[in-house]
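Colleague: Compute the structure for the input listed below.
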Amino acid sequence: MRRMNRANVFRKIFEADTISRVQISRDMGMNKATVSSIVDDLIQQQFVHETGYGESQGGRKPVLLQLNSTAGYVIGIDVQIAHMTTAVFSLKGEVVWLTRHPLYRAGELSTVESLVDKLEGQIRRAMGQVPRSPHGVLGVGIALPGMVNARTGYVYYLPNLEIFDWAMKDDLGARIKLPIFIDNDANCGALAEHIVSQTANLAFVNAGIGVGVGIIASGQLYHGQDGLAGEYGHTTISAMGLRCSCGSYGCWEEYASERGLLRILQDRGKELNTKIPDPEFIERCIGKANAGDESYLEGFAELGKNLGFGMANICNSINPARIMLGGSVAHAYPFIIESISQVLGQRAVAKNKSIKVEQADPESVVRGASRLVLQQVLFGAE
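Modeller: Now for the predicted structure:
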């Protein structure tokens, strides 16, 4: 019980700018002595400090409490296919250090061993950027592009990396000797966007080389029975369609991803030597569209329609208040949003037609990955 109370009090202080012991007691219906005892422990551990006085409500002015955002740090990693983003965050989410590092080039073999080596290298590099603090690095949160079990730290399948059946948390934790937490990249993006917006029902579409969806339902990240909820990228939108990296046919991500855009442009006569993954592909296409190249403008419009088909399915199945679009494809937001909205207006039902698709924070996935650490290490799963 005390552990739960401590987590709840800590979360209350964490989410407030400043707050008094009295206010915590009132808001949480918790005994004042219990609150004071927990706060004293948090102060002793340097997670919390006192910072001046609040307004008097008839007696003595209450002492205000505030999170010590530099008591420790967390490392977040967003693993994609072509690159990996690694960042160090304070407890309040301020970016201390961030880097984007190439991961795999087209044709390069991805293996468990090579990915563990690359992750370990980036984590150790990040650890070297962490300022001195009472608690140092509290843990590492990793966002992965595929099917994982966040509870157990087990990787079922990373389709575009051809990695499967991997006890990642155990393997990497044995090397790093830090708490390791993993989740799907779209789930991490959804978590970060939910924390910022406090939207209770939200979908995060992470569209890059593949497509995944993170779901916030009634204020909670929804994982499903085995952590596999949100795999809309592998739902069928064409019964006799293209073969997907997952082995099935007609999957949404084959039409609404970077691979989908490449095929669209090739079908329009563009002789492109690009092989996916290509970390500069989307940016080159955006440059062509900005220059007024009709083939690229029309290509993005078609890509937007393909995104819209899947988003209409999302709207009609989970009825989110908003959809956030992240990943590399989101960089082309100005060129795809009109056709996305047109398809939603045609395919979504009733009030789902009015659901807005917004561009996500480019760093939302790595931020969400860092939040995995705070959820578990500081105040338990939210």
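
Colleague: Low-confidence ranges, the chain, go.
Modeller: In the predicted model, the chain carries pLDDT under 70 at residues 58, 381-382.

Colleague: which stretches of it form helices?
Modeller: 2-15, 21-28, 32-44, 112-127, 168-176, 185-197, 258-267, 281-290, 294-318, 333-347, 364-373 (DSSP state H).

Colleague: and these, which is most packed in?
Modeller: helix 364-373 (a mean of 29; mean count of other C-beta atoms under 10 Å). For every residue, glycine as well, the C-beta is placed using N, CA and C.

Colleague: gap between that helix and the chain center?
Modeller: 6 Å (C-alpha atoms, centre = their mean, to the nearest Å).

Colleague: which residues sit against it?
Modeller: 74-78, 85-87, 89, 93, 98, 138-143, 150, 179, 181-183, 185-193, 195, 204, 206, 324, 326, 361 (C-beta atoms under 8 Å, 6 or more residues apart in numbering).

Colleague: filter the residues you listed to the buried ones?
Modeller: Listed as buried from the contacts of helix 364-373 are 74-78, 85-87, 89, 93, 138-143, 150, 179, 181-183, 185-193, 195, 204, 206, 324, 326, 361; burial here means 16 or more other C-beta atoms under 10 Å.

Colleague: Which ones among those map onto strands?
Modeller: Counting by DSSP state E, the buried ones among the contacts of helix 364-373 place 74-78, 85-87, 89, 138-143, 181-183, 204, 206, 324, 326 in strands.

Colleague: thinking again about what came up before, between the helices of the chain, which one is nearest to Gly212?
Modeller: helix 185-197 (3.7 Å; C-beta to C-beta).

Colleague: Tell me what angle that closest one forms with helix 364-373.
Modeller: 80 degrees (axes from the mean of the first three to the mean of the last three C-alpha atoms, to 10 degrees).

Colleague: start the count at 43, not 1, going forward
Modeller: OK, 43 is where the count begins now, so the last one is helix 227-239.

Colleague: Which elements pack onto helix 227-239?
Modeller: Under the contact criterion of 3 or more C-beta pairs under 8 Å, 6 or more residues apart in numbering; DSSP states H and E, helix 227-239 touches strand 115-121, strand 179-186, strand 244-249, strand 253-259, strand 262-263, strand 364-368, helix 406-415.

Colleague: The second one pairs with which strands, parallel or anti?
Modeller: For strand 179-186, the paired strands and their directions (DSSP bridges) are strand 115-121 (parallel), strand 222-226 (parallel).

Colleague: do the fifth one as well
Modeller: Take DSSP bridges as the rule and strand 262-263 pairs in its sheet with strand 253-259 (antiparallel).

Colleague: what does the partner strand contact?
Modeller: By C-beta under 8 Å, 6+ apart, strand 253-259 touches 187-188, 226-233, 235-236, 241-248, 263-264, 271-275, 294-295, 298-299, 352, 356, 360, 362, 369.

Colleague: per the record, what domains does this structure have?
Modeller: For the chain, automatic domain parsing gives the domain ranges 44-109, 115-231+407-420, 238-403.

Colleague: Go through the helices of the chain and name the closest to Thr316.
Modeller: Using C-beta to C-beta, those put helix 323-332 closest to Thr316, at 5.4 Å.

Colleague: Show me what that closest one is packed up against.
Modeller: Going by 3+ C-beta pairs under 8 Å, 6+ apart, helix 323-332 lies up against helix 300-309, helix 336-360.

Colleague: Mind checking those for the one nearest to Asp59?
Modeller: When those are compared (using C-beta to C-beta), the closest one is helix 336-360, at 32.9 Å.

Colleague: residues contacting Trp294?
Modeller: Neighbours of Trp294 in contact, by C-beta under 8 Å, 6+ apart: Val253, Tyr274, Gly275, His276, Thr277, Thr278, Ile279, Asn348, Phe351, Gly352, Asn355.

Colleague: how many other residues sit next to the residue nearest to the second one when sequence neighbours are not counted?
Modeller: Closest residue to Tyr274 apart from its sequence neighbours, by C-beta to C-beta, 6 or more residues apart in numbering: Val255 at 4.3 Å. Look at Val255: counted by other C-beta atoms under 10 Å, it has 28 neighbours.

Colleague: ok, now Ala259?
Modeller: 16.

Colleague: Could you do the one 5 residues further on as well?
Modeller: Each residue near Tyr264 was counted by other C-beta under 10 Å, and the total is 15.

Colleague: show me the contacts for it.
Modeller: Neighbours of Tyr264 in contact, by C-beta under 8 Å, 6+ apart: Ile257, Ile258, Ala271, Gly272.

Colleague: quick one, phi psi at it?
Modeller: phi -100, psi 120 (degrees, to the nearest 10).

Colleague: starting at the chain centroid, how far to stretch 96-112?
Modeller: Using C-alpha atoms, centre = their mean, the offset of stretch 96-112 from its chain centre is 34 Å.

Colleague: Quick check: end-to-end length of stretch 203-220?
Modeller: 25 Å (C-alpha to C-alpha, to the nearest Å).

Colleague: Can you give the contact residues for it?
Modeller: Residues contacting stretch 203-220 (C-beta under 8 Å, 6+ apart): 123, 146, 152-154, 157-158, 161-162, 165-166, 179, 181-182, 184, 186-188, 190, 194-200, 221-224, 287.
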